[in-house]
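Peer 1: What follows is a predicted structure for the sequence shown.
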Amino acid sequence: MPPQRYVLRKVPAVQWKQWDQFVNEHPRGHFLQSWGWGELKADGGWYPLRLALVDEQQQQIVAAAQVLCRTPAHFPLWTGHLAYIPKGPVIDWSQPQLCQAFFTQLNAYLRQRGALALRMEPNQEVKVLEQVPMTASPIVGDPCLEDRQESLGGSHTPFAGTLSGGQATLPLLLYPVPPIQPVRTILLDLAPDEATLLAHMKEKWRYNLRLAERKGVKVRSTSMVRRVTSTVTSCPTTCCNGRPYAGLNSRGQPSTTSGASLRPIMKMSPWQASIASNAAGAGM
């Protein structure tokens with residue numbers, strides 16, 4: 001049997017510079033996949049797992065994913081955890097063979113280490129190809145399905161999906177979920193004076209800004225990492241169904257900060273994934 005060309009490996013801490021170099025130089029790279037972001041989230045109770053797909057022939061990284069894992073307090077990962085890939089993975093979606101190798105090995109790797117669910121938010125639009133029966137195999141991937149593209153309209157039915165800009169499909173069943181990260185970026189030209197900027201805002205926005213000013217809210221710069229870390233980790237940056245997400249409760253179920261239990265994202269068998277799209281019109 002010929003040796004496997006693409007191999008998924010855990011990246012050790014000593015290689016953080018190589019990791020950041022790959023993420024920074026890749027067209028699909030995002031700062032939420034940077035090593036530093038994982039360290040920041042670690043202070044908030046997440047366990048950052050950096051996985052890289054290595055081309056054994058070229059001896060170089062060709063794809064990567066920073067997977068943020070969370071368990072109930074004081075429980076090890078193997079007892080059951082949620083896995084989350086923000087704005088990733090970092091991969092060339094136009095290469096079907098690469099995507100197949102990456103997601104197949106990622107699937108097996110996370111399952112073996114106790115992942116109950118994987119939530120992904122690729123830094124790219126997701127197209128729905130075909131709704132899949134619950135009895136279907138968790139490995140799917142027929143590029144020809146693109147001719148039968150459908151809209152889910154917010155359904156929770158699993159589907160086969162592909163990423164726009166390439167023919168590669170994801171080799172696992174997907175569930176549409178609301179995105180955690182902002183779905184779009186707004187660029188604001190700060191060259192005009194404050195009065196001009198306020199004049200171009202909606203009335204409600206102007207009201208909220210002035211209200212914040214009256215309440216004593218101030219914005220200031222800081223070079224202290226401790227302050228930035230404490231601010232970010234104290235915010236409920238992960239939400240589900242509009243509620244702040246606080247990890248897993250004592251029964252190993254996803255829970256909100258209000259204590260309400262959420263429906264598990266996936267069942268143990270077949271192992272499936274949920275996916276959020278950053279496309280406003282994707283209906284997911």
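Peer 2: In hand now; what should we look at?
Peer 1: how would you label residue 119: helix, strand or coil?
Peer 2: Classification of residue 119 using DSSP: H, G, I helix; E, B strand; the rest coil returns strand.
Peer 1: For beta bridges, what are the partners of it?
Peer 2: Using DSSP bridges, the bridge partners assigned to residue 119 are residue 84, residue 274.
Peer 1: and what of residue 68?
Peer 2: Counting by DSSP bridges, the residues bridging with residue 68 are residue 48, residue 84.
Peer 1: so it makes contact with residue 41?
Peer 2: Yes. Counting by Cβ atoms under 8 Å, residue 68 touches residue 41, with 5.6 Å between them. Just so you know, the C-beta spots here come from the backbone N, C-alpha and C atoms, and that holds for glycine as well.
Peer 1: okay, and for the stretch 151-284 of the chain, where does confidence drop off?
Peer 2: For the stretch 151-284 of the chain, the stretches flagged by pLDDT under 70 are 151-172, 224-225, 229-284.
Peer 1: what sits in contact with each of residue 68 and residue 41?
Peer 2: Between them, residue 68 and residue 41 share these contacting residues under Cβ atoms under 8 Å, 6 or more residues apart in numbering: residue 48.
Peer 1: measure the closest residue to residue 110 other than its chain neighbours to residue 116 for me?
Peer 2: Nearest non-adjacent residue to residue 110, counting by Cβ to Cβ, 6 or more residues apart in numbering: residue 83, 5.5 Å away. Remark: distance between residue 83 and residue 116 (Cβ to Cβ, to the nearest Å) = 8 Å.
Peer 1: Domain parsing of this structure, as residue ranges.
Peer 2: Listed by automatic domain parsing, the domain ranges of the chain are 6-183+264-275, 194-234.
Peer 1: and these, which is most packed in?
Peer 2: domain 6-183+264-275 (a mean of 18; mean count of other Cβ atoms under 10 Å).
Peer 1: Please enumerate the helices of the stretch 1-150 of the chain.
Peer 2: Assigned helices in the stretch 1-150 of the chain, in chain order: 16-25, 35-42, 96-112 (criterion: DSSP state H, counting those that start in this stretch).
Peer 1: Looking at the ones you listed, which is nearest to residue 200?
Peer 2: Minimum separation from residue 200 across the helices of the stretch 1-150 of the chain (Cβ to Cβ) falls at helix 35-42, 32.2 Å.
Peer 1: For the residue nearest to residue 110, which residues are in contact?
Peer 2: Listed by Cβ under 8 Å, 6+ apart, the contact partners of residue 83 are 49, 67, 68, 69, 110, 115, 117, 118, 119.
Peer 1: so what's it scoring on pLDDT?
Peer 2: For residue 83, the pLDDT comes out at 94.
Peer 1: if I pick residue 69, what's in contact with it?
Peer 2: Counting by Cβ under 8 Å, 6+ apart, residue 69 touches 46, 47, 48, 49, 77, 81, 82, 83, 84, 115.
Peer 1: Find the nearest non-adjacent residue to it, please.
Peer 2: residue 47 (4.4 Å).
Peer 1: Residue 189 - that's part of a strand, no?
Peer 2: No. Counting by three-state DSSP, residue 189 is not part of a strand but coil.
Peer 1: Count residues in the vicinity of it, would you?
Peer 2: Residue 189: 8 surrounding residues under other Cβ atoms under 10 Å.
Peer 1: measure it to residue 67 for me?
Peer 2: For residue 189, the distance to residue 67 - Cβ to Cβ - is 37 Å.
Peer 1: next one: residue 212
Peer 2: From residue 212 to residue 67 the distance is 36 Å (Cβ to Cβ).
Peer 1: what does residue 118 give?
Peer 2: Distance from residue 118 to residue 67, by Cβ to Cβ: 8 Å.
Peer 1: Phi, psi for residue 113 please.
Peer 2: phi -100, psi 10 (degrees, to the nearest 10).
Peer 1: these two touch, right, it and residue 77?
Peer 2: Yes. At 5.9 Å, residue 113 counts as touching residue 77 under the criterion of Cβ under 8 Å.
Peer 1: Report the separation between residue 16 and residue 39.
Peer 2: Counting by Cβ to Cβ - residue 16 and residue 39 are separated by 9 Å.
Peer 1: re the thing from before, ok, of the contacts of residue 69, which one's closest to residue 20?
Peer 2: Among the contacts of residue 69, residue 48 lies closest to residue 20 (Cβ to Cβ), at 13.0 Å.
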